[in-house]
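**Q** can't give you the sequence, but here's the structure:
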């Protein structure tokens with residue numbers, strides 16, 4: 001302003017209280033992207049100084065053919081190629097000299113515009129992300145990790161005539177399993193499928209029922225001592241040939257005859273889909289409060305889905321890397337799931353005692369694949385365990401989550417006052433949904449037992465690690 005007065009400065013962004021300029025200036029406030037674009041294209045020179053990490057604003061200006069003046073410092077020299085900006089010494093006179101140069105030298109301004117345009121046309125978020133990704137992958141390979149190619153994971157080794165297979169591990173499945181098998185074997189699909197029941201030496205007639213059932217269903221029996229959640233499912237999948245393998249349990253009953261078709265259709269959401277899960281609903285005769293919890297849980301998946309992957313992410317209000325963020329991504333239940341055989345052949349289930357489904361899902365997400373949630377592929381699945389069985393399930397969950405994911409439930413203790421407050425909240429919920437007082441009390445006891453089991457499971461896992 002002391003050298004000349006043939007210019008006006010247009011300021012944008014959040015206004016600064018008490019700012020007095022001794023040169024012609026107009027405060028434009030916070031502008032939309034469209035308004036910023038119009039401003040950049042109408043201006044003669046752009047200024048956005050950052051003496052630490054370089055600002056992205058100069059890139060926006062260059063994309064609109066606006067020549068840019070930047071501070072001459074290490075960070076800007078490292079980022080901007082020669083000629084893409086006019087570098088100004090970090091002094092009052094240095095900035096004034098650079099502004100006068102770009103305002104008065106038409107040829108210099110034109111050359112700066114062209115160099116800036118060439119620079120921004122060579123950069124993108126995707127390209128930057130790929131560079132970081134490749135650097136991480138290279139480092140992992142150096143440390144002994146195996147690099148999987150997407151085409152190897154997703155392309156089947158040979159073309160098979162059967163589209164889908166269903167596997168069901170059983171042990172003393174009783175009458176409920178008989179109902180499950182009848183529903184599973186009578187699905188309406190536009191493709192061929194078969195059913196494999198792998199039974200751990202039941203003594204209640206389960207194996208005999210499968211043998212009599214016949215049709216598309218066959219039986220494989222193993223000693224009870226050989227059962228393990230991951231290993232047994234791997235064995236069953238290996239004994240089938242469907243391109244897609246649906247995995248359910250002996251107490252998970254498809255709600256209708258379209259269940260399998262909808263699960264298989266889920267893979268049409270994209271070639272990156274390695275697995276699919278569907279909704280669970282509580283059996284109508286089970287606790288209404290438990291049913292409401294399940295409804296809320298799967299409604300979250302419906303809201304955030306249908307495709308879950310590291311690339312897709314989750315809404316910004318769920319902090320990336322948090323326990324909630326991770327649990328939403330790796331939640332995967334073999335009570336109602338399906339997977340691509342071509343992926344399983346490269347990454348089989350882990351040989352773990354509990355939680356093979358969620359541990360496996362986390363592994364396939366880490367190699368860049370995705371899971372899909374199909375809201376209308378529904379099974380009935382819920383339990384009414386006794387006190388000992390409920391706490392045992394909680395223990396297994398706590399141990400698994402601590403051992404494989406590092407979650408710590410050992411400190412989940414609540415005071416008597418909090419217990420009473422929770423009990424009051426549960427009674428209010430029960431009234432709203434038409435549940436009885438007995439159901440509310442049973443639900444409170446169930447939650448307390450599960451929490452205690454999880455605490456003990458976490459403590460056992462931590463103790464096993466020393």
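**A** On my side now, so go ahead. No experiment lies behind these values; they were computed from the predicted model shown. Numbering: from 1, shown residues only.
**Q** Kindly state the pLDDT recorded for the closest residue to residue 249 other than its chain neighbours?
**A** Closest residue to residue 249 apart from its sequence neighbours, by CB to CB, 6 or more residues apart in numbering: residue 335 at 5.0 Å. The C-beta positions use only the backbone N, C-alpha and C, and glycine is treated the same way. Looking at residue 335, its pLDDT is 94.
**Q** Next, report how far the longest helix belonging to the chain is displaced from the centre of its chain.
**A** Assignment by DSSP state H gives helix 437-464 as the longest helix of the chain. Distance, stretch centre to chain centre, for helix 437-464: 27 Å (CA atoms, centre = their mean, to the nearest Å).
**Q** Stretch 269-277 too?
**A** 12 Å.
**Q** Report the mean per-residue pLDDT for that stretch.
**A** 95.
**Q** And for stretch 392-407?
**A** On average, stretch 392-407 scores 89.
**Q** ok, residue 192 - how many residues close by?
**A** 13 (other CB atoms under 10 Å).
**Q** My guess is it contacts residue 163. True?
**A** Yes - counting by CB atoms under 8 Å, residue 192 touches residue 163, with 6.1 Å between them.
**Q** can you map out the helices along the stretch 151-300 of the chain?
**A** For the stretch 151-300 of the chain, applying DSSP state H, counting those that start in this stretch gives helices covering 174-184, 206-213, 229-238, 259-265, 288-304.
**Q** which stretch among those helices comes nearest residue 143?
**A** helix 229-238 (25.1 Å; CB to CB).
**Q** which outside residues touch the closest one?
**A** If you take CB atoms under 8 Å, 6 or more residues apart in numbering as the criterion, helix 229-238 is touched by 165, 167, 169, 196, 198, 200, 220, 222, 226, 245, 247, 334, 341, 344, 348-356, 359-360.
**Q** Give the rounded mean pLDDT of it.
**A** 94.
**Q** and if you look at stretch 296-305?
**A** 93.
**Q** Go through it and flag the buried ones.
**A** Residues 298, 301, 304-305 are the ones in stretch 296-305 that count as buried (16 or more other CB atoms under 10 Å).
**Q** For the stretch 201-350 of the chain, which segments are assigned as strands?
**A** Secondary structure of the stretch 201-350 of the chain (DSSP state E, counting those that start in this stretch): strands at 217-221, 244-248, 253-254, 273-281, 307-308, 336-340.
**Q** Now tabulate those strands in a markdown table and tack on distance to residue 30.
**A** Output for the strands of the stretch 201-350 of the chain, formatted as a markdown table (distance: least, CB to CB, whole Å):
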| stretch | distance to residue 30 |
| --- | --- |
| strand 217-221 | 65 |
| strand 244-248 | 50 |
| strand 253-254 | 53 |
| strand 273-281 | 40 |
| strand 307-308 | 34 |
| strand 336-340 | 47 |
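**Q** who wins for proximity to residue 406 among these?
**A** Distance to residue 406, taken as CB to CB, is lowest for strand 307-308 among the strands of the stretch 201-350 of the chain, at 20.1 Å.
**Q** what comes into contact with the closest one?
**A** Contacts of strand 307-308 (CB under 8 Å, 6+ apart): 269-270, 273, 314, 328-329, 365, 370-373.
**Q** Weed out the non-buried ones from these.
**A** Buried among those by 16+ other CB under 10 Å: 269, 273, 314, 328-329, 365, 370-373.
**Q** contacting residues for residue 32?
**A** Residue 32 touches nothing, counting by CB under 8 Å, 6+ apart.
**Q** and it, how far is that from residue 14?
**A** Residue 32 sits 14 Å away from residue 14 when distances are taken as CB to CB, to the nearest Å.
**Q** so how far is the first residue of stretch 25-43 from its last?
**A** 13 Å (CA to CA, to the nearest Å).
**Q** Give the rounded mean pLDDT of that stretch.
**A** For stretch 25-43, the per-residue pLDDT averages 88.
**Q** do stretch 360-373 as well
**A** pLDDT averaged over stretch 360-373 gives 95.
**Q** Counting residues, which strand of the chain comes out longest?
**A** Criterion DSSP state E: the longest strand present in the chain is strand 370-380.
**Q** What is the distance between the helix or strand that comes right after that one and the centre of its chain?
**A** As assigned by DSSP states H and E, the chain's next helix or strand after strand 370-380 is helix 387-400. Between the centre of helix 387-400 and the centre of its chain there are 25 Å (CA atoms, centre = their mean).
**Q** buried stuff in helix 387-400?
**A** Neighbour-count burial for helix 387-400 [16+ other CB under 10 Å]: 390-400.
**Q** which helices and strands sit right next to that helix?
**A** helix 437-464 (3 or more CB pairs under 8 Å, 6 or more residues apart in numbering; DSSP states H and E).
**Q** helices or strands next to the helix it packs on in the packing?
**A** helix 288-304, helix 387-400, helix 416-433.
**Q** Make JSON lines out of these and add distance to residue 84.
**A** Putting the helices and strands packed on helix 437-464 into JSON lines (distance: least, CB to CB, whole Å) gives the following:
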{"stretch": "helix 288-304", "distance to residue 84": "41"}
{"stretch": "helix 387-400", "distance to residue 84": "53"}
{"stretch": "helix 416-433", "distance to residue 84": "60"}
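**Q** Next, the angle from the strand or helix carrying residue 359 to strand 273-281.
**A** Assigned by DSSP H and E, residue 359 belongs to helix 356-366. With axes from the mean of the first three to the mean of the last three CA atoms, to 10 degrees as the basis, helix 356-366 and strand 273-281 are set at 140 degrees to each other.
**Q** May I see the buried residues of helix 356-366?
**A** In helix 356-366, counting by 16+ other CB under 10 Å, buried: 356-365.
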